[in-house]
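**Q** task: produce atomic coordinates for the following.
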Amino acid sequence: MKTPNRIVTLGTALAVVVAGTAARADEIVIATTGGLMRNTMEEFFYKPFTEATGTEVIPFDIEVPDQWARAEGMVRSGTVEFDIVTATGPDLVGKADMLADIPCDTLENVKKYALPGACQPKGVARTTGGMVLSYNKEAFAGKEPKTWADFWDVETFPGPRGLPDTGDRDWWLPTVALLADGVAKEDLYPLDLDRAYAKLEEIRPHIAVWWKTGNQVQQIMRDNEVVMTMAYSGRALKVIQDGAPFAMAWDGAIRDTGYLAILKNSPNPEGAMKFIDFFYGDAEGHPGFIKAVGYATSSTIGLSQLPEDEQKLYATYPANYEQLVSPDFEWIGAHRDELRERWNAWLLK
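**A** Okay, here's the model as predicted:
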């Protein structure tokens, strides 16, 4: 791949350079995490998009927090180098003033194939998983846990548990605590934090591991350190595929979506929109991508190409998707400081 006129590699460091001329219309820069995600996106979508349109995709490997720090600097300087960035649901709210509007009604493939809720005003879903209850089937032969109320039921389902101390745990865990306490999915928001933390106090003595990374949650499952845990569905899926006796319960899993978003004043917004629409309509790319990353795309032409028994392992399988919690990102985004402060104070006490 040629060196772009906007992004250059200096050893292991990536430096943004100002070209001094208008961005070329035949390239777009996509910022996302490196490794598996970058490699699979390149294989199944970037290269096919270039072949179909002549627009080259320049990947920029960067972790999401660093991406936003760099993007904020670009906005302040008036020189925006990224076209597409990776966003979480709260980012679509908290960073909305940095993001271009998405014309959901004019992107033909998005309109035709997107799952409900996949196209948001400031971003379009790339991959969707769930923060799911994963449990050891051998530990509960004959009666398996299915809900977060079961996670809290230590008498019927005894054994050590795991919960995350990472990511968006400051709203993930109050959300599932309220589900465990009998709140219906449609009544969760605004979160009743006093009620949620009272419920979290009940389960706290039974949490053997507060896991920090996706690798760690997989390891505690493989090593039988826990009989059940909240886990990223893609991470749990890999453990299951490797032969561990775990399963996933989708009732009340929190929809966990990574979005494609376009920065305001990006060099090639038209090309970025074309890529997003191509992503949703590129039927050939989805099955291989889904299998490689362990997360389904939010295009209905993706998962449907896999065998039925495989489809059931992903969040966007219709029977699973309808059981997911759909977070209220407007409320979450408006209360991030309060949520973080409450979580940190509770965990440290």
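**Q** what helices or strands is the strand or helix carrying residue 90 leaning on?
**A** Per DSSP states H and E: residue 90 is located in helix 89-94. Judged by 3 or more Cβ pairs under 8 Å, 6 or more residues apart in numbering; DSSP states H and E, helix 89-94 is in contact with strand 246-262, helix 329-334. Every residue, glycine included, has its C-beta placed from N, CA and C.
**Q** let's have these in TSV, adding mean neighbour count.
**A** Listed next are the helices and strands packed on helix 89-94 as TSV, based on neighbours: other Cβ atoms under 10 Å:
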stretch	mean neighbour count
strand 246-262	23
helix 329-334	17
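**Q** now residue 85: which helix or strand?
**A** Per DSSP H and E: residue 85 is located in strand 84-87.
**Q** which residues sit against that strand?
**A** With Cβ atoms under 8 Å, 6 or more residues apart in numbering as the test, strand 84-87 has contacts from 28-33, 64, 67-68, 71, 95, 99, 122-123, 126, 258-263, 266, 272, 275-276.
**Q** on that earlier part again, now the helices and strands packed on helix 89-94 in a markdown table, with mean pLDDT and distance to residue 222?
**A** Output for the helices and strands packed on helix 89-94, formatted as a markdown table (pLDDT from 0 to 100; distance: least, Cβ to Cβ, whole Å):
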| stretch | mean pLDDT | distance to residue 222 |
| --- | --- | --- |
| strand 246-262 | 96 | 9 |
| helix 329-334 | 89 | 32 |
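**Q** for these, which one sits closest to residue 145?
**A** strand 246-262 (6.1 Å; Cβ to Cβ).
**Q** figure out how far the helix holding residue 90 is from the centre of its chain.
**A** Distance, stretch centre to chain centre, for helix 89-94: 12 Å (Cα atoms, centre = their mean, to the nearest Å).
**Q** what residues does that helix touch?
**A** By Cβ under 8 Å, 6+ apart, the list of residues contacting helix 89-94 reads 64, 68, 99, 120-123, 168, 257, 259, 261, 327, 329-330, 332-334, 336.
**Q** next: stretch 37-51.
**A** Stretch 37-51 is contacted from outside by 30, 32, 55-57, 59, 61, 274-275, 278-279, 282, 284-286, 288-289, 292-293, using Cβ under 8 Å, 6+ apart.
**Q** just the buried residues from those residues, in ChimeraX please.
**A** In ChimeraX, a selection of the buried entries from these looks like this (16 or more other Cβ atoms under 10 Å):
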select :30,32,55,56,57,59,274,275,278,279,282,285,286,289,293
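**Q** average pLDDT for the strand holding residue 85?
**A** Over the span of strand 84-87, the pLDDT mean works out to 96.
**Q** same deal with stretch 108-115?
**A** Mean per-residue pLDDT for stretch 108-115: 94.
**Q** could I get that stretch in CSV with only the CA atoms?
**A** Taking only C-alpha atoms (Å, rounded to 0.1, in the frame of the first residue of the first chain), the coordinates of stretch 108-115 have been written out as CSV:
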residue,chain,number,x,y,z
GLU,A,108,-29.3,3.0,0.2
ASN,A,109,-27.6,-0.1,1.6
VAL,A,110,-28.0,1.1,5.1
LYS,A,111,-31.6,1.8,4.6
LYS,A,112,-32.1,-1.7,3.1
TYR,A,113,-30.1,-3.9,5.4
ALA,A,114,-29.5,-2.1,8.7
LEU,A,115,-30.9,-3.7,11.8
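**Q** for residue 213, which residues are in contact?
**A** Counted by Cβ under 8 Å, 6+ apart, residue 213 has contacts residue 166.
**Q** could I get the phi/psi values of the residue nearest to residue 229 when sequence neighbours are not counted?
**A** Nearest non-adjacent residue to residue 229, counting by Cβ to Cβ, 6 or more residues apart in numbering: residue 162, 3.2 Å away. Residue 162 has phi and psi values of phi -130, psi 140 when expressed as degrees, to the nearest 10.
**Q** residue 162: neighbour count?
**A** Residue 162 sits with 21 neighbouring residues when counted by other Cβ atoms under 10 Å.
**Q** now swap in residue 199 and tell me
**A** As a measure of burial, residue 199 has 23 neighbours, counting by other Cβ under 10 Å.
**Q** helix or strand: which one has it?
**A** helix 193-203.
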